[in-house]
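Trainee: model this:
(5 chains)
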Amino acid sequence: MLSKIASRLLLNFLLSVVVIFCLPWYDTLGIRLSMAPFSILGVAIAIFLGFRNNACYARFNEARHLWGTLLISHRSLTRGLKTVLTDRPRQIRQIIDLQIAWANALRVTLRQQPLSPVLATLPESVSTQLARYQNPCNGLLMLMAQWLAEQQRSGALSDIIYTRFEQHLTDLAGIQAGCERIANTPLPFAYSLILHRTVYTFCALLPFALVNDLLYMTPLISVFISYTFVALDALAEELEDPFGMEDNDLALTAMCTSLEIDLREMDEDDNKPARLRPDSHYRLS
Amino acid sequence: MLSKIASRLLLNFLLSVVVIFCLPWYDTLGIRLSMAPFSILGVAIAIFLGFRNNACYARFNEARHLWGTLLISHRSLTRGLKTVLTDRPRQIRQIIDLQIAWANALRVTLRQQPLSPVLATLPESVSTQLARYQNPCNGLLMLMAQWLAEQQRSGALSDIIYTRFEQHLTDLAGIQAGCERIANTPLPFAYSLILHRTVYTFCALLPFALVNDLLYMTPLISVFISYTFVALDALAEELEDPFGMEDNDLALTAMCTSLEIDLREMDEDDNKPARLRPDSHYRLS
Amino acid sequence: MLSKIASRLLLNFLLSVVVIFCLPWYDTLGIRLSMAPFSILGVAIAIFLGFRNNACYARFNEARHLWGTLLISHRSLTRGLKTVLTDRPRQIRQIIDLQIAWANALRVTLRQQPLSPVLATLPESVSTQLARYQNPCNGLLMLMAQWLAEQQRSGALSDIIYTRFEQHLTDLAGIQAGCERIANTPLPFAYSLILHRTVYTFCALLPFALVNDLLYMTPLISVFISYTFVALDALAEELEDPFGMEDNDLALTAMCTSLEIDLREMDEDDNKPARLRPDSHYRLS
Amino acid sequence: MLSKIASRLLLNFLLSVVVIFCLPWYDTLGIRLSMAPFSILGVAIAIFLGFRNNACYARFNEARHLWGTLLISHRSLTRGLKTVLTDRPRQIRQIIDLQIAWANALRVTLRQQPLSPVLATLPESVSTQLARYQNPCNGLLMLMAQWLAEQQRSGALSDIIYTRFEQHLTDLAGIQAGCERIANTPLPFAYSLILHRTVYTFCALLPFALVNDLLYMTPLISVFISYTFVALDALAEELEDPFGMEDNDLALTAMCTSLEIDLREMDEDDNKPARLRPDSHYRLS
Amino acid sequence: MLSKIASRLLLNFLLSVVVIFCLPWYDTLGIRLSMAPFSILGVAIAIFLGFRNNACYARFNEARHLWGTLLISHRSLTRGLKTVLTDRPRQIRQIIDLQIAWANALRVTLRQQPLSPVLATLPESVSTQLARYQNPCNGLLMLMAQWLAEQQRSGALSDIIYTRFEQHLTDLAGIQAGCERIANTPLPFAYSLILHRTVYTFCALLPFALVNDLLYMTPLISVFISYTFVALDALAEELEDPFGMEDNDLALTAMCTSLEIDLREMDEDDNKPARLRPDSHYRLS
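Mentor: Take a look at the predicted model:
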């Protein structure tokens, strides 16, 4: 993020220097700018930028909430199955595999990465059945629902306990739909466009307005004001898509690994992955 | 959206030019405007505009949430029926047809389009029954509820599983009522009116206040400030009605198609529509 | 709403004219006002007014949501009863009459109108039972609950389906309590009082501050700034009580009629009212 | 509230008068204050005050919502019991007494008033059992739960209907915990402290900045600006604790009385209290 | 918190004094700063700081809500078990011990304190089983779920009542996931960074801009403005992590003790801890 901002601020600095050198010719050119209109603009842009930041942070926050709920639903489903179906450990391992695959499939779908590494963890019979689905998460949910309905038909789950567990699947469907909604419906494009335009025009005109009062201090103050506005504009842009792989995005891979550890532990299965650690830039992917 | 704004900005530009030419006569005419009152007004209008933007974006966002929940409820109902009633594929296809028709009927009702293309996809016996209803979605929901109650009466669904599925119908009723509420209760009209009036008066008076300080720069700055206010006012107007067919409105047709694909896939029915692609302006309808 | 605002703006205009005429005596009287303090005040008042608008709009919005949920609960209850109790059409007509009376009773209670026209639609045995209740909606809900419990006792409804339907009655109780809360707990009175006082004092002092800079333009700008503040103050006041009969209030009568049409249609009862149409001022009551 | 504000404003007025008299000595004393820094401060304080007002109003609003939900849960529990357990009127009167005592116990706990008047309304056997509990509401809820479980054990309530009614008790526990949270966790104290300090320092320095421009008008404008800030600060303080006995606090006693009337009416018990009326200051306690 | 702020303000004070002494050399050095750009910056920073305060307070508030819900779920589970399983007091004491350990384990996990004091309160058989889990709360929840499933298998709890109680465990899982989310996902780091930088640069440049107008008053006003901005920045930082041990953090230990008292009282167990009292700084840990 800093590199994007840095280049913009450098441009602003250079423009400010040029503006200082051209000052003697301004009267001839008819260039006259005072601070008063910039004061109005500055407040208006700050208010609108604050609004966009709010909306983008709300998207980021909702995405984080959804993945938090994902953890709850999976843990609760496994906890329920392990305590009620104590005599079917083999079948439970099957559905736990499906649950982990579902979380990973959601992750790669949201990040538009290839699905094949996720499918490779599943038995071939399962991946064949999934081939029919354009939406693999929907397919995996169908398989989990079939597994659950089989337990109910076989009498291992009463209707009441079946509907209780089935509720977790509906919750997962809700999480999936929520994530798809955030990924597919960006903030109305016009917001970003209008704000980008006004922020950049504002910063570009700023040195002309400052130079009369500040002279040699123009570059310093112009770059400082520009930094405040440009940095918050850039941050909002990044938060808008919380499922990407950039600096401030959600650590979906770490969450999927953490979920796998939790479920394997509940299943007394020692075949569990190592917890992801932040990389040298303190980032989790 | 841009054409609407462009004409307003052109007007503002022309007014600014006229204002520059008339400057020598201002003292005679008693026209004296300074920036100070505009500074107060600018902040106040920006705050109120920010409030309206918030409210309009909340409408847009709620509409998007409702359609996201619509996807969940329909997918979950189909998933539940397919896994529990494994021996009644023919009846399940009937209710899937009703579900898809319901989503399409909601779409055309919200967009005030004719209902006939939706009814044409249903068997005649069904469309005759629907004729009685002023609100076709309500009628379709009644038919789905009758289908579900028949399965329960025939003993295929226990009371517990029946109420579980019936909950999805209540959720659909909630989605329908939510969409109707958004479509039928606009933001109190007075908000738009007060803000339109103040924004336009503000922009029209602006050149008179700027001309003393800025002289030939007046058109540039006047158009820039006007752009910031007018563009955000216009965007709020567009977001206010999220079910329309304009630039930033929801892609209801694409969502209905996507729902149909999902349900057909779950039903192992290859007779499914092609996914909608954005048109040459990157728009989905 | 406009007439209230217009008289205030006229006052402001007249005051501005007086202020211009008295200008030569100001030095003698020691009257000196500059724009700087008004700039601080303007922003502060705009922020506080924005806060009140938010709170009032939230009340309006919640009221609208509650009435939307009212529609869902009633439609869902009728849909459930019609599909499950297919052999008791006569009894179902009884409860539909109670449901419609409940909605109308809530409407007249919130608007502090007489209850007698609503009671007149009910059989005498019912209205006698209602006489005991200070809160008629609470009484009607009790009668609906008795009706439902009788169906369960007679064996027509299993316990599970009974509790499912009973949930709709609890939802209705929640809607009623929510509406009563909005109607009985206005925004803390001090908010309105503090804001009214500051807005009016601000507008009254404004011409004195503007006259030095603007002279003959004072009335125009003073009225324009006052309009922005007074109009938003007046609108917030109106939205605060969403159940009234004023311009921007909720169309409760239209919603009750629409509910009656929906329920009658579901009951295949042709004895339904005509849909309400907006009056000549585009208003629904 | 007004008396607190009035004394602060009087102080501000007197200070302004002193400031006018001392004006001739300012140059000697090196006192130089202009409006520009106050303009920055004014906006910043208004924004932060707006934030605190929002947070305090949210507390007030949540408290009001919780007491609204309290009404729903109690009415719904009584409605359910009266319609299902038609043959146990004596036992139902017992639980209604517990319900009313619970609401009153919550009221006096929140207001830190003595509990004895509430206990006096209960049979001695009950108040003995309550003696064990530091938290009387928790004890009363336990007694209600025991009552309900006894009905289930005696076969009068099926498991399904029992869990349905038990849900109302869990809702009441939620309301109680919510009220305790609001009462025990004030807004972080530092907020109030920082804002009080800045508001008072701002108001105290204001006359020094205004006096150069306004001279004899200083007291008027200084008091007016101070009023805007001090009044909103004082109001936020009052809303922060919605369970007190001050002007803008919730009318808990009136709500408890109203609940008792509703429950007694549903129980056909004529021994009900009179509805509370506002006192001579239009206040309900 | 005050010590951190105090050192920053002292620095600002010293800088202001230096600035006054260097004033005569400014023209030579080309240092020219006016208030106008600081006015724009001040408003923008205040708006962005307001936004961060909002987000941080929302985290604090959500954390408080989660711990409030934790109280409800535990109390309701114990109330349910005590009233339904009246003949199994010994087993109920076991699960109450697990519940209290769960709350304490969550507390020490969130505060990154050692788990051993919590484990020491449990029988050895239990702590051995917990050793398998990286996440001890998840392990304790599993044990509670096993306890509950055993009661159901033994016939003491019907399926319906079992699922009712199991819901409380799912709620606890949700509370745990919510707290983990708040602890592990701080506000995007860039927000804090951007705001810290702008706030400190703003305060450092302020004396240069003020000195021309205010001369000897510069330190007073500069420190006052800096206080407003720095104090709110510091407070937001503290609220961001509500689970710490600093001044404005949540009193998790007091809440755990209070929960233990409530559960022991419901279990008629006199072996309960003393309620925590605030320390000499009015703080609860």
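
Trainee: any weak-confidence spans in chain A?
Mentor: Across chain A, the ranges flagged by pLDDT under 70 are A:1-2, A:279-285.

Trainee: Now do the contacts for the residue in the stretch 151-285 of chain A that chain D sits nearest to.
Mentor: Per Cβ to the nearest Cβ, residue A:160 is where the stretch 151-285 of chain A lies closest to chain D, at 9.3 Å. No exception for glycine: its C-beta is placed from N, CA and C like everyone else's. When contacts are counted by Cβ atoms under 8 Å, 6 or more residues apart in numbering or on different chains, residue A:160 touches B:160, E:159, E:160, E:163.

Trainee: swap in residue A:224?
Mentor: Listed by Cβ under 8 Å, 6+ apart, the contact set of residue A:224 reads E:41, E:198, E:201, E:205.

Trainee: Same check on residue A:108?
Mentor: Taking Cβ under 8 Å, 6+ apart as the contact definition, residue A:108 lies against A:114, A:115, A:117, A:118.

Trainee: how about those residues in TSV, adding neighbour count and distance to residue A:135?
Mentor: Formatted as TSV, the contacts of residue A:108 follow (neighbours: other Cβ atoms under 10 Å in any protein chain shown; distance: Cβ to Cβ, whole Å):
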residue	neighbour count	distance to residue A:135
A:114	8	15
A:115	15	11
A:117	10	18
A:118	24	13
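
Trainee: okay, these in a markdown table with secondary structure next?
Mentor: Formatted as a markdown table, these follow (DSSP: H, G, I helix; E, B strand; the rest coil):
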| residue | secondary structure |
| --- | --- |
| A:114 | coil |
| A:115 | coil |
| A:117 | helix |
| A:118 | helix |
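
Trainee: what's the helix or strand for the residue of the stretch 151-285 of chain A closest to chain D?
Mentor: Assessed by DSSP states H and E, residue A:160 sits inside helix A:159-184.

Trainee: So for that helix, what gets flagged as buried?
Mentor: Within helix A:159-184, the residues that count as buried by 16 or more other Cβ atoms under 10 Å in any protein chain shown are A:159-183.

Trainee: Beyond that helix, next helix or strand please.
Mentor: helix A:189-214.

Trainee: returning to that earlier point: closest to chain C among the contacts of residue A:160?
Mentor: Taking Cβ to the nearest Cβ as the measure, chain C sits nearest to residue B:160 out of these, at 5.7 Å.

Trainee: tell me the contacts of the residue nearest to that closest one when sequence neighbours are not counted?
Mentor: Spatial nearest neighbour of residue B:160, chain neighbours left out: residue A:159 (4.3 Å); criterion: Cβ to Cβ, 6 or more residues apart in numbering or on different chains. Counting by Cβ under 8 Å, 6+ apart, residue A:159 makes contact with A:152, B:158, B:160, B:161.

Trainee: Export the residues you listed as JSON lines, with columns for distance to residue B:109.
Mentor: Shown next, in JSON lines, are these (distance: Cβ to Cβ, whole Å):
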{"residue": "A:152", "distance to residue B:109": "37"}
{"residue": "B:158", "distance to residue B:109": "35"}
{"residue": "B:160", "distance to residue B:109": "33"}
{"residue": "B:161", "distance to residue B:109": "31"}
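
Trainee: so how far is the helix or strand hosting residue A:63 off the chain centroid?
Mentor: In the assignment (DSSP H and E), residue A:63 maps to helix A:35-84. With Cα atoms, centre = their mean, to the nearest Å as the basis, helix A:35-84 stands 9 Å off its chain's centre.

Trainee: Ok, stretch A:116-134 next?
Mentor: 26 Å.

Trainee: So which residues make contact with that stretch?
Mentor: With Cβ under 8 Å, 6+ apart as the test, stretch A:116-134 has contacts from A:97-98, A:100-101, A:104-105, A:108, A:136, A:139-140, A:142-143, B:261-262, B:265, B:268, B:275.

Trainee: These, buried ones only, as a PyMOL selection?
Mentor: A single PyMOL command selects the buried members of these (16+ other Cβ under 10 Å):
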select buried, (chain A and resi 97+98+100+101+104+105+108+136+139+140+142+143) or (chain B and resi 261+262+265)
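
Trainee: Please list the members of the contacts of stretch A:116-134 that lie in helices.
Mentor: Counted as lying in helices by DSSP state H, out of the contacts of stretch A:116-134, are A:97-98, A:100-101, A:104-105, A:108, A:136, A:139-140, A:142-143, B:261-262, B:265.

Trainee: Quick one: name the residues of chain A near chain C.
Mentor: Within chain A, no position is near chain C by Cβ under 8 Å from any Cβ of the partner chain.

Trainee: Show me which residues of the stretch 151-285 of chain A are close to chain D?
Mentor: Residues of the stretch 151-285 of chain A found near chain D (Cβ under 8 Å from any Cβ): none.

Trainee: how about a cut-off of 10 Å?
Mentor: Within the stretch 151-285 of chain A, the positions near chain D by Cβ under 10 Å from any Cβ of the partner chain are residue A:160.

Trainee: Quick one: residues contacting the spatially most central residue of chain A.
Mentor: When Cα atoms, centre = their mean is applied to chain A, the residue found nearest the centroid is residue A:242 (1.1 Å). Counting by Cβ atoms under 10 Å, 6 or more residues apart in numbering or on different chains, residue A:242 makes contact with A:56-57, A:59-64, A:66-67, A:110, A:179, A:182-183, A:248-250, A:252, E:188.

Trainee: and if we set it to 6 Å?
Mentor: A:60, A:63, A:249, A:250 (Cβ atoms under 6 Å, 6 or more residues apart in numbering or on different chains).

Trainee: now swap in residue A:230 and tell me
Mentor: When contacts are counted by Cβ under 6 Å, 6+ apart, residue A:230 touches A:5, A:8.

Trainee: distance of the residue lying closest to residue A:113 once chain neighbours are set aside from residue A:27?
Mentor: Leaving aside its sequence neighbours, residue A:113 sits nearest to residue A:107 (Cβ to Cβ, 6+ apart; 7.9 Å). Using Cβ to Cβ, to the nearest Å, residue A:107 is found at 61 Å from residue A:27.
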